[in-house]
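Student: Need coordinates for the following:
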Amino acid sequence: MVKKFIIILIIALFLSTTNYNKVSNKINKSVSRNKIEYNYIEQKEKVIGSIFIEKIKVNNNLYDIKNPYNNVDKNVTILYKDNNTIVLAAHSGTEKVSYFKNLNKLKANDEVIVNINNKIDRYIVEDIWEEEKNGTINFKKEEKEQLILTTCSPDNKKRQLVVSCTKKEP
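Tutor: Model (predicted):
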């Protein structure tokens with residue numbers, strides 16, 4: 001069942017990414033247990049990829065770091081990206097844009113899928129911690145490709161939750 005869902009997800013991600021180049025629509029996705037439903041909405045800027053976390057029902061578009069839609073008040077936001085590291089942030093809480101509201105429910109070995117520019121990478125949660133919210137995120141730069149997710153702590157708005165993931169080996 002899980003393998004079938006992952007195959008459907010990969011096909012859907014591929015098809016939706018190719019459609020982004022053909023239509024000027026933003027795809028807001030809502031995830032149910034066995035399918036992804038697409039709701040097409042007017043879009044002015046190009047989507048470069050998506051993030052999918054099945055366990056906490058996250059399935060959101062990603063925009064280029066210089067794009068006005070790459071904004072924490074609108075979407076999951078790319079804070080930093082280089083060849084080895086991607087840092088993503090989103091709001092927690094109860095607002096419509098609280099895409100990481102359940103980030104604290106992730107545990108070690110949970111999977112996060114990121115598709116950027118038609119390259120699908122799977123990451124495994126390695127470590128989760130909280131630190132003071134002061135405009136920086138402290139994490140160890142790894143040799144492996146890594147993904148860092150962050151949001152406000154659900155228990156203390158002066159702290160931030162940080163989830164460190166490493167790329168899953170094929």
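Student: Quick check: residue 71 is in a helix.
Tutor: No - read with DSSP: H, G, I helix; E, B strand; the rest coil, residue 71 is coil and lies in no helix.
Student: tell me the phi and psi of it?
Tutor: Main-chain torsions, residue 71, degrees, to the nearest 10: phi -140, psi 130.
Student: count of neighbours near it?
Tutor: A count of nearby residues for residue 71, using other Cβ atoms under 10 Å, gives 11. All C-beta atoms are positioned from the backbone trio N, CA, C, and that covers glycine.
Student: mind listing what it touches?
Tutor: residue 77 (Cβ atoms under 8 Å, 6 or more residues apart in numbering).
Student: Looking at residue 112 now. What's its pLDDT?
Tutor: Note on residue 112: pLDDT of 98.
Student: which residue packs closest to it, ignoring adjacent ones?
Tutor: residue 123 (4.5 Å; Cβ to Cβ, 6 or more residues apart in numbering).
Student: Could you check how far the spatially most central residue of the chain is from residue 74?
Tutor: Nearest to the geometric centre of the chain sits residue 51, at 3.4 Å (Cα atoms, centre = their mean). For residue 51, the distance to residue 74 (Cβ to Cβ, to the nearest Å) stands at 14 Å.
Student: And for residue 155?
Tutor: 25 Å.
Student: Is residue 55 in a helix, a strand, or coil?
Tutor: helix.
Student: what's around it, how many residues?
Tutor: Neighbourhood size, residue 55 [other Cβ under 10 Å]: 13.
Student: same check, this time on residue 93
Tutor: Counted with other Cβ under 10 Å, residues neighbouring residue 93 total 12.
Student: hang on, it is in a helix, isn't it?
Tutor: No - assessed with three-state DSSP, residue 93 is coil; it does not lie in a helix.
Student: Identify the residues contacting it.
Tutor: 101, 152.
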